[in-house]
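Generate a structure from the sequence data that follows.
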Amino acid sequence: MPQSKYATGVPAQPMITPGQWSTGLCDCGKDVPNCCLTCWCPCISFGRIAEIVDQGTTSCGVHGALYSVLCLFTGCECIYSFMYRSKLRRQYMLPEQPCNDCLLHCFCECCALCQEHRELKYRGFDPSLGWQGNLASQNQGMVMPPVGPGEMKR
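This is a model prediction of the structure:
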């Protein structure tokens, strides 16, 4: 019996050498639609990234709203977003480059968010679908056994 692409609770990922980002920080032109969205509405891009990195424990809307509130009232949304870059790096054993995550998000927020989005796409996720949408797309074609009524009665 062939195994499905999705058996561990995390969508299948292409083979990638640990310790390498799939694209550079300034490769925003490799995904122009995401670059435009991130420049005009970074709260949406951040929310999508954070939902995937958190494996769906908190929704895109919640992350995006918190990011927006921090941006509007403090101007320090980078303090929130850099934590998710650090978490993404730990999950995929990526280097902290070209500098500290906090500095990167403080001075190059849009480029950092675009790179994180591209990294997730390269690893088999579509951040626009959210966590559940990615799980569902990975499960397409997987046959589930029929579920019967609770107990058998005589």
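
rest of the way, CA atoms for contacts and neighbours
Noted.

And stretch 92-99, how far out from the chain middle?
Mean-position distance between stretch 92-99 and its chain equals 16 Å (Cα atoms, centre = their mean, to the nearest Å).

Over to it now: how far is its first residue from its last?
17 Å (Cα to Cα, to the nearest Å).

for the record, mean pLDDT for it?
Averaged across stretch 92-99, pLDDT comes to 91.

next one: stretch 63-71
Stretch 63-71 shows a mean pLDDT of 96.

residues of it that come out buried?
Residues of stretch 63-71 classed as buried: 63-64, 67-68, 70 (neighbour count, 16 or more other Cα atoms under 10 Å).

tally of neighbours for Val32?
12 (other Cα atoms under 10 Å).

Secondary structure element holding it?
helix 32-40 (DSSP states H and E).

Show me the contact partners of the helix or strand following that helix.
Past helix 32-40, further along toward the C-terminus, the next helix or strand under DSSP H and E is helix 42-53. By Cα atoms under 8 Å, 6 or more residues apart in numbering, the residues outside helix 42-53 that reach it are 34, 37-38, 57-65, 67-68, 81, 84, 87-88, 110, 113-114, 116-117, 120, 125, 127-128, 130-131.

how close does Asp54 sit to Met93?
In terms of Cα to Cα, Asp54 sits 16 Å off from Met93.

where does the protein dip in pLDDT?
In the predicted model, the chain carries pLDDT under 70 at residues 1-18, 141-154.

so the residue nearest to Gln20 when sequence neighbours are not counted is in which element?
In space, and not counting its chain neighbours, Gln20 is closest to Leu94: 5.6 Å by Cα to Cα, 6 or more residues apart in numbering. Assessed by DSSP H and E, Leu94 sits outside every helix and strand.

give the contact list for Leu94.
Contacts of Leu94 by Cα under 8 Å, 6+ apart are 18-21, 88.

just the buried members of these?
21, 88.

Quick one: the contacts of Leu94 as JSON lines, columns for secondary structure and distance to Cys102 too.
Shown next, in JSON lines, are those (DSSP: H, G, I helix; E, B strand; the rest coil; distance: Cα to Cα, whole Å):
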{"residue": "Pro18", "secondary structure": "coil", "distance to Cys102": "22"}
{"residue": "Gly19", "secondary structure": "coil", "distance to Cys102": "19"}
{"residue": "Gln20", "secondary structure": "coil", "distance to Cys102": "19"}
{"residue": "Trp21", "secondary structure": "coil", "distance to Cys102": "17"}
{"residue": "Leu88", "secondary structure": "helix", "distance to Cys102": "13"}
